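Visitor: have a look at this fold, sequence not included:
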């Protein structure tokens, strides 16, 4: 989701700062007229690192059966690790939660859900009503939105809109895929990570985030590939050898920061909830 709407920035490990400079507009100079000096202003954007990991245990018997009979069980389970680590970025940037427990992480102070620009979505309204209101709030704050992060509930409402009489899609450029999807001129991406239903311990009631996603600066600071662990107790589940088990683990450290949250983002929440 975040990776689709906001491109990654190369980063080194640890806390960091990024600076955004503005020197205003160019000056017209008439013939023989004096030239003025422009004032440069800068905005500081902090970037904080956060580590996520996923560890999976197998019994040695499962490993042996998988190897001998080519069942593909382990490959299927391991294929879940990378998507989970990718979703972790969304849960952190959007909600500031630990996806494993669903609880808020105090250190994750930069989260999109904290924007003070909030619009309520009513099921009886056309989808553009709430997105237009969110866009208006951002424009009033001085920002210009370019993207839309959607929960499947609101995405389904958009996809179901039809032209009366013909049955044709009202928004043919919108689809559930995260690639090349557009709604009302905004790049759109759909994911369950937006609402975090079933993951967040406290329901967010979030249906969408509208904003300038270039204001989210994120990157992978450190990636630790798949590691096979055969000894010890790596996750508190007991000694591996004693339990005839092995464990596999992958880790990633993301860094992210959000510039001028209330200028660049607005959220759409469920009015009923």
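Guide: Looks like it arrived, so ask away. Everything numeric here is computed off the predicted structure, so don't read it as measured data. Numbering: from 1, shown residues only.
Visitor: going by C-alpha atoms from here, please, whenever you check contacts or count neighbours.
Guide: OK.
Visitor: please enumerate the strands of the protein.
Guide: Secondary structure of the chain, counting by DSSP state E: strands at 16-22, 41-59, 118-121, 147-150, 182-183, 186-190, 206-211, 216-229, 245-258, 265-270.
Visitor: what's the burial count for residue 32?
Guide: When neighbours are counted by other CA atoms under 10 Å, residue 32 registers 6.
Visitor: state the distance from it to residue 26.
Guide: Taken as CA to CA, to the nearest Å, the spacing of residue 32 relative to residue 26 amounts to 17 Å.
Visitor: of all the strands of the chain, which one is nearest residue 88?
Guide: Ranking the strands of the chain by proximity to residue 88 (CA to CA) places strand 41-59 first, at 7.1 Å.
Visitor: which elements pack onto that closest one?
Guide: Counting contacts by 3 or more CA pairs under 8 Å, 6 or more residues apart in numbering; DSSP states H and E, strand 41-59 is packed against strand 16-22, helix 81-90, strand 216-229, strand 245-258.
Visitor: the same query, at a cut-off of 7 Å, please.
Guide: Using 3 or more CA pairs under 7 Å, 6 or more residues apart in numbering; DSSP states H and E, the elements in contact with strand 41-59 are strand 16-22, strand 245-258.
Visitor: doesn't residue 250 make contact with residue 223?
Guide: No. With contact defined as CA atoms under 7 Å, residue 223 does not reach residue 250; the gap is 8.1 Å.
Visitor: which one of those two has more residues nearby?
Guide: Under the neighbour definition other CA under 10 Å, residue 223 and residue 250 were set side by side, and residue 250 has more, 19 against 13.
Visitor: was I right to think that one contacts residue 229?
Guide: No. The pair residue 250 / residue 229 is not scored as a contact, 10.8 Å apart, by CA under 7 Å.
Visitor: can you add mean pLDDT and distance to residue 88 and give the strands of the chain back as a markdown table?
Guide: As requested, the strands of the chain are exported to a markdown table (pLDDT from 0 to 100; distance: least, CA to CA, whole Å):
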| stretch | mean pLDDT | distance to residue 88 |
| --- | --- | --- |
| strand 16-22 | 68 | 20 |
| strand 41-59 | 84 | 7 |
| strand 118-121 | 95 | 24 |
| strand 147-150 | 96 | 15 |
| strand 182-183 | 92 | 24 |
| strand 186-190 | 94 | 15 |
| strand 206-211 | 97 | 17 |
| strand 216-229 | 89 | 12 |
| strand 245-258 | 91 | 9 |
| strand 265-270 | 96 | 20 |
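Visitor: could I get these as JSON lines with distance to residue 84?
Guide: Below are the strands of the chain laid out as JSON lines (distance: least, CA to CA, whole Å):
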{"stretch": "strand 16-22", "distance to residue 84": "25"}
{"stretch": "strand 41-59", "distance to residue 84": "8"}
{"stretch": "strand 118-121", "distance to residue 84": "28"}
{"stretch": "strand 147-150", "distance to residue 84": "18"}
{"stretch": "strand 182-183", "distance to residue 84": "26"}
{"stretch": "strand 186-190", "distance to residue 84": "16"}
{"stretch": "strand 206-211", "distance to residue 84": "20"}
{"stretch": "strand 216-229", "distance to residue 84": "13"}
{"stretch": "strand 245-258", "distance to residue 84": "10"}
{"stretch": "strand 265-270", "distance to residue 84": "24"}
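Visitor: so what touches stretch 48-58?
Guide: With contact meaning CA atoms under 7 Å, 6 or more residues apart in numbering, stretch 48-58 is reached by 14-16, 81, 85, 245-257.
Visitor: buried subset of the residues you listed?
Guide: With burial judged by 16 or more other CA atoms under 10 Å, the buried subset of the contacts of stretch 48-58 is 81, 85, 245-257.
Visitor: quick check, nearest of those to residue 1?
Guide: Nearest to residue 1 out of those is residue 85 (CA to CA; 12.3 Å).
Visitor: how distant is the lengthiest helix in the chain from the center of its chain?
Guide: The longest helix of the chain (DSSP state H) is helix 127-140. When distances are taken as CA atoms, centre = their mean, to the nearest Å, helix 127-140 is centred 20 Å away from the chain's centroid.
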